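Visitor: my questions concern the predicted model and sequence given below.
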Amino acid sequence: MDLTFSESELAFRDDLRAWFRAHAPAPEPQGDELAHFCWRRDYQRLLARDGWAAVHWPARYGGRGATLTESAIFFVELGRHGAPMMANVLGLLLAGPTIMSWGTDAQKERHLGPILTAEEIWCQGFSEPDAGSDLASLKTRARRERGHWVVTGQKVWTSGAQHSKWCMLLARTDPDAPRHKGLTYFLMDMEQDAVDVRPLRQITGSSEFNELFIDGAVISDEQVLGGVGNGWGVALTTLMNERAGLAFFLQVRLRQLLDRLLREAADRGLLADQAVAERLGELHVRAEVLRLTAYRGLTTVQKYGQPGPEGSLTKWMWSDANQRLTQLAADLLGPQALAAGGSWGYELLRARGNSIEGGTTEVLKNIVAERVLGLPKSR
């Protein structure tokens, strides 16, 4: 693994840094979820205007045809410059690449442009109340009726659904087929009465996630992606992209929070306490290991053409480190860290979900045990 950037990669980084310096984001809105979404959406549109919103997309679709290393550089610089994560991140990282891989020319023409410019936001309709980590057990049904598909079921933990125009929906079209068979991947229009979006209020007070209640939603044949009954294969494309793009942003975000905690601890004279210094030092090591592991995953993709099971490590490691960091902030700063409306209080509460979202820690540990270490399956 060579962490030295090539001349072209350095030029890409320098151009990107110059762009971020010239386009500093407006102050982040506080306490208003809609205003915060609009802030992220407007900044994505600015990125898209100059070809930076999806650098990993091919140039013919509005990207820059960036290499894997250049894509990693983009997320690192996004974090370093305090820019917001794109409002349509699920469209850019998941829906777009999946449509490029499986979509018809008409589907690509219809959907990729509005994804890039955040004109149409996307959400992911995979998880269900009884089908989270065990996705193949999903119960949402789609049946043929008068030349189209009618969908009924329930989805949960649907990030950003309250802002979304489209949903990457996985539904069962053949109830008699084996669990991983008989599934179909749909592009569902959210703007119909049969789709009821109910926000889930979190402990932080915000509502990032939603429940979807689908009662007779209509989907045309033109909105089937990858063919009827091939949903599992198409979904794997989405799942393979799910954690690959965010590892670098997350490790930069962790470093930023750690550096902030170090400054606040130093201002309070806490670094002279050996126990405090040791805990902060451990977090520094964890942050560096996460950074290097993210690059190791990049090397795997370059060698084999797709993310390996080692990619589960970055999500697991980040979840654990971020929860440790926010708890240490509360331990060191005391009641001030927990004050209502304070940023550390939000970080501490939000971190509780890190070990659940994007794959639970328990499932990720099983993946690492079975597919990386070669240990026998637990069941």
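Guide: Yep, that arrived.
Visitor: which one's the longest strand in this structure?
Guide: If you go by DSSP state E, the chain has its longest strand at strand 209-219.
Visitor: now the element after that strand, going C-ward?
Guide: Tracing the chain past strand 209-219, the next element assigned as helix or strand by DSSP states H and E is strand 224-225.
Visitor: CA atoms only for the longest strand of the chain, dumped as PDB, please.
Guide: Extracted C-alpha coordinates of strand 209-219, given in PDB (Å, rounded to 0.1, in the frame of the first residue of the first chain):
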ATOM      1  CA  PHE A 209     -35.100   8.300   9.900                       C
ATOM      2  CA  ASN A 210     -38.700   7.400   8.900                       C
ATOM      3  CA  GLU A 211     -41.100   4.600   8.700                       C
ATOM      4  CA  LEU A 212     -42.800   4.000   5.300                       C
ATOM      5  CA  PHE A 213     -46.200   2.500   5.200                       C
ATOM      6  CA  ILE A 214     -47.000   1.400   1.600                       C
ATOM      7  CA  ASP A 215     -50.600   0.500   0.900                       C
ATOM      8  CA  GLY A 216     -51.200  -0.200  -2.800                       C
ATOM      9  CA  ALA A 217     -48.400   2.000  -4.300                       C
ATOM     10  CA  VAL A 218     -48.300   1.700  -8.100                       C
ATOM     11  CA  ILE A 219     -45.100   1.100 -10.000                       C
END
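Visitor: start the count at 346, not 1, going forward
Guide: Done: numbering now begins at 346, and the last item shifts to strand 554-564.
Visitor: what comes up buried for that strand?
Guide: By 16 or more other C-beta atoms under 10 Å, the buried positions in strand 554-564 come out as 554, 555, 556, 557, 559, 562, 564. Any C-beta I mention is one placed from the backbone N, CA and C, and that applies to glycine too.
Visitor: tally of neighbours for the residue lying closest to residue 639 once chain neighbours are set aside?
Guide: The spatially closest residue to residue 639, leaving aside those adjacent along the chain, is residue 592, at 4.2 Å (C-beta to C-beta, 6 or more residues apart in numbering). Using other C-beta atoms under 10 Å as the criterion, residue 592 is surrounded by 25 other residues.
Visitor: then residue 428?
Guide: 19.
Visitor: assess the claim that it and residue 364 are in contact.
Guide: No: using C-beta atoms under 8 Å as the test, residue 428 is too far from residue 364 to be in contact (10.0 Å).
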